[in-house]
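[1] Okay, predicted coordinates and the sequence, questions at the end:
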Amino acid sequence: MCGIIAVTGSGASVEILTTGLRRLEYRGYDSAGIVLHTRDDGFLRFRAAGGTKSLVALESEAGAFHGEVIAGIGHTRWATHGGPTLFNAHPHFDCGENIAIVHNGIVENFRELKEELLAGGHVFSSETDTEVIAHLIEVQLPFSPSLVDAVASVAKRMRGAMSFVVVGASEPGVIVGFKRMAPMVVGTDGSSWFLASDIPAILDRAGTFFQIEDENLVVLTPKGARMLTLDMVDVPMESFGVDWTLESAERSGFDDFMSKEIFEQPAALRDTLAGRMTRDGLLLLDEQPSDLDLWARVDKVFIVACGTSFHAGMVAKYAIEHWTKIPVELDISSEFRYRDPVVDERTLVVAVSQSGETLDTLAALHEARNLGAQTLAVCNVVGSSMARLADAVLYTRAGPEVGVAATKTHTSQIGALMMLALQLARVKGQLYPQEVRDLYDQLLAVPAKVTEVLGLWDQMRDLAVRYGGCSRFYFIGRHVGYPVALEGALKLKEISYLPAEGYPAGELKHGAIAMLDADAVVFAIATRTRLYEKVMSNVEEVRARNSAVVVIGNPGDESVVSTGETFISVPRLHPLFAPMVDVIPLQMFAYHVARGLGNDADRPRNLAKTVTVE
Ligand code: M6R
């Protein structure tokens, strides 16, 4: 997830670009950069990399330019392909520096395109997938009537969700954008035309906005905007106005980041999964271990993580053991290093962490390396401490998560860990390449199912109104429903501060059932995973204690609830993939309860987003 801005017309300036980037920083701040198309000096590029300091450096460097700007493009980066370095900072050029591009999203087939370009003599100056687009346009432009025709030909070759914006030295004042399942909007004040990833970037400049439909191009000049299909057919543009304040616009109109991030889950998961597996069923890691054959000799997997990341790790244990037959141990990071974990060079230790900085998990990773294990980091922040320390890295590509309560990174972690499980099964010879591909294809269908579940938003709000006043909440599940139950309870505790516990449903009768009475609410994760019938038997035990029952189940099973109980219907998936949808109603429930209580869902009391103390 990155932020893009572009401007042409009388208002084009460094200040417009950098102010817009400041408002897009929530989309990432690994680096910032702009290209100005100037009257006297052609293209001028300014870039800076250094986390939150990037934009400050860019403002001071580019702010010293006082010449005339015809048009400009800008970018704030959340690193996915290539580390958060200066040479990976956008905008990127082609070989001749006549094409400049900023890009948000992923070019899934960039490896094969890059090989083709390298064979054709192109020289790359970054590790990004973005740069291939600039070079392909360079190849196409001499055979095209104009820049937009060249961009159209190149866009047809791209796979993956993305939006990008291009300027060409040969067409001053022209900006060409392309959108496919990644946000981009047009705005104007009548004398300047803008493109941006999000409305806040241009909200104080533009009064009129236009949506760009997916698979379409947009061409901006100082005189106006056109939308075109990739076959160069004009598409009517419909304008709209917005009445958001700047503050609410940063959250795209959502009340807070947590709700926004809940709704970003389909895109986060899609970006995490897309283009990650070869036709032979081999996983494309972001950082490969020095010797992948070592993974074939792995005889134990150890997963270390904290909090929500630990729950994702729990789901992975079921999948890895099922597909690979390798034993998996799971440890809370802060426990791992203070016992004597049995780990050697045939153990793969997987550190799961959104931030890649959580001190306990980082320390566990150090310990694993000291014990001679092979290590893998699964994290969301490119270049984080864990990513730098581990032998191999698999990034979730969920984009920055601002809300303290993890949502989109959790479902993305599960997606990433499912791919890891398939990879291990492949290298251990437990699954044929075609079986891995088939399962991967099923995995790719999950984001669309997540979109369906988001339709439960209002129903979960009603449920929060109904039960928000109850004193205790229990979440029960079995098999992969158990980590879902733990995560449902953690979300509720974190932001509502209400007592909530997650339990393996079969364990209830060994103690916790004593707590059940008419004032307790029990959520049962009863989708059609392996132990569905057994979970429903456990629900009977709950009913006998007069507690309120909410069943998370699959379509067709609605009749399992009795009068007065609630059935929340979520799409049925492969049992091991089910947690990625089953957990979402629980995130929504926690969110609505917290809001109902007047709590700040983004900044719950006593918590920090990243815990870098022991
Ligand atoms: O950055 P990490 O994934 O390592 O963080 C681990 C936990 O601190 C984190 O998951 C925490 O539990 C969240 N607040 C959960 O919403």
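    Done, it's in. In this text the structure is predicted, and so the values were computed from the model without any measurement.

[2] check contacts around the residue of the chain found nearest the ligand.
    Going by C-beta to the nearest ligand atom, the ligand is nearest to residue 307 of the chain, at 2.0 Å. No exception for glycine: its C-beta is placed from N, CA and C like everyone else's. Going by C-beta atoms under 8 Å, 6 or more residues apart in numbering, residue 307 touches 406, 490.

[3] Convert the C-alpha atoms of stretch 430-449 to PDB, please.
    Taking Å, rounded to 0.1, in the frame of the first residue of the first chain, the C-alpha atoms of stretch 430-449 are listed here in PDB:
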ATOM      1  CA  GLN A 430       3.800 -34.600   1.000                       C
ATOM      2  CA  LEU A 431       1.800 -32.900  -1.700                       C
ATOM      3  CA  TYR A 432       2.200 -33.000  -5.500                       C
ATOM      4  CA  PRO A 433       2.800 -29.700  -7.200                       C
ATOM      5  CA  GLN A 434      -0.700 -29.800  -8.700                       C
ATOM      6  CA  GLU A 435      -2.300 -30.400  -5.300                       C
ATOM      7  CA  VAL A 436      -0.400 -27.400  -4.000                       C
ATOM      8  CA  ARG A 437      -1.600 -25.300  -7.000                       C
ATOM      9  CA  ASP A 438      -5.200 -26.400  -6.500                       C
ATOM     10  CA  LEU A 439      -5.100 -25.400  -2.800                       C
ATOM     11  CA  TYR A 440      -3.400 -22.100  -3.700                       C
ATOM     12  CA  ASP A 441      -6.100 -21.400  -6.200                       C
ATOM     13  CA  GLN A 442      -8.700 -22.000  -3.400                       C
ATOM     14  CA  LEU A 443      -6.700 -19.600  -1.200                       C
ATOM     15  CA  LEU A 444      -6.900 -17.000  -3.900                       C
ATOM     16  CA  ALA A 445     -10.600 -17.200  -3.800                       C
ATOM     17  CA  VAL A 446     -10.700 -16.200  -0.100                       C
ATOM     18  CA  PRO A 447     -10.500 -12.400  -0.500                       C
ATOM     19  CA  ALA A 448     -13.800 -12.400  -2.400                       C
ATOM     20  CA  LYS A 449     -15.400 -14.400   0.500                       C
END
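
[4] For residue 37, which three-state class applies?
    Put simply, residue 37 is strand when judged by DSSP: H, G, I helix; E, B strand; the rest coil.

[5] Any figure for the gap between it and residue 530?
    Per C-beta to C-beta, to the nearest Å, residue 37 is found 59 Å from residue 530.

[6] Tell me which of these two has more neighbours.
    Between residue 37 and residue 530, counting by other C-beta atoms under 10 Å, residue 37 is the more crowded of the two (25 against 16).

[7] what about stretch 382-402, how long is it end to end?
    One end of stretch 382-402 sits 16 Å from the other (C-alpha to C-alpha, to the nearest Å).

[8] What of stretch 3-14?
    16 Å.

[9] do the same with stretch 323-342
    23 Å.

[10] How about the backbone phi and psi for residue 64?
    Phi and psi for residue 64, reported as degrees, to the nearest 10, are phi -80, psi -10.

[11] For residue 443, see how far away it is.
    When residue 64 is compared with residue 443 (using C-beta to C-beta), they lie 49 Å apart.

[12] So for the two, which residue has more residues nearby?
    residue 443 (24 against 9).

[13] And what about residue 152, helix, strand or coil?
    Taking three-state DSSP, the label given to residue 152 is helix.

[14] What helix or strand is the nearest residue to residue 336 once chain neighbours are set aside located in?
    Nearest non-adjacent residue to residue 336, counting by C-beta to C-beta, 6 or more residues apart in numbering: residue 364, 4.3 Å away. For residue 364, the host element (DSSP states H and E) is helix 359-370.

[15] what packs against the helix or strand that that helix is followed by?
    Per DSSP H and E, the first helix or strand lying C-terminal to helix 359-370 is strand 374-379. In terms of contacts (3 or more C-beta pairs under 8 Å, 6 or more residues apart in numbering; DSSP states H and E), strand 374-379 is packed against strand 347-353, helix 359-370, helix 385-389, strand 392-395, helix 408-427.

[16] wait, does strand 374-379 contact the ligand?
    No: using C-beta under 6 Å from any ligand atom, strand 374-379 never reaches the ligand; the gap is at least 7.4 Å.

[17] How far away from the center of its chain is that strand?
    Remark: strand 374-379 is offset 18 Å from the chain centroid, using C-alpha atoms, centre = their mean, to the nearest Å.

[18] partners of that strand in the sheet?
    strand 347-353 (parallel), strand 392-395 (parallel) (DSSP bridges).

[19] For the first one, which outside residues touch it?
    Read that as strand 347-353. The set of residues external to strand 347-353 that reach it, using C-beta under 8 Å, 6+ apart, is 295, 298-306, 309-310, 312-313, 316, 333, 343, 361-362, 364-365, 368, 371, 373-380, 384, 386, 390, 413, 417, 420, 424.

[20] where's that strand relative to the chain centroid, distance-wise?
    For strand 347-353, the distance to the chain centre is 20 Å (C-alpha atoms, centre = their mean).

[21] quick one, it and helix 408-427 angle?
    160 degrees (axes from the mean of the first three to the mean of the last three C-alpha atoms, to 10 degrees).

[22] Help me see whether strand 347-353 makes contact with the ligand, please.
    Yes: for a cut-off given as C-beta under 6 Å from any ligand atom, strand 347-353 has contacts with the ligand, namely residue 353.

[23] For that strand, C-alpha coordinates in PDB please.
    Extracted in PDB, the C-alpha atoms of strand 347-353 (Å, rounded to 0.1, in the frame of the first residue of the first chain):
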ATOM      1  CA  THR A 347      14.200 -27.000  13.100                       C
ATOM      2  CA  LEU A 348      12.600 -24.200  11.200                       C
ATOM      3  CA  VAL A 349      11.700 -21.400  13.700                       C
ATOM      4  CA  VAL A 350       9.000 -19.100  12.300                       C
ATOM      5  CA  ALA A 351       8.600 -15.700  14.000                       C
ATOM      6  CA  VAL A 352       5.200 -14.200  13.200                       C
ATOM      7  CA  SER A 353       4.800 -10.500  13.900                       C
END
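
[24] relative orientation of it and helix 359-370 in degrees?
    Using the same axes, to 10 degrees: strand 347-353 against helix 359-370 is 160 degrees.

[25] model confidence over the helix holding residue 364, on average?
    Average pLDDT, helix 359-370: 93.

[26] Buried residues of that helix, list them for me.
    Residues of helix 359-370 classed as buried: 359-369 (neighbour count, 16 or more other C-beta atoms under 10 Å).
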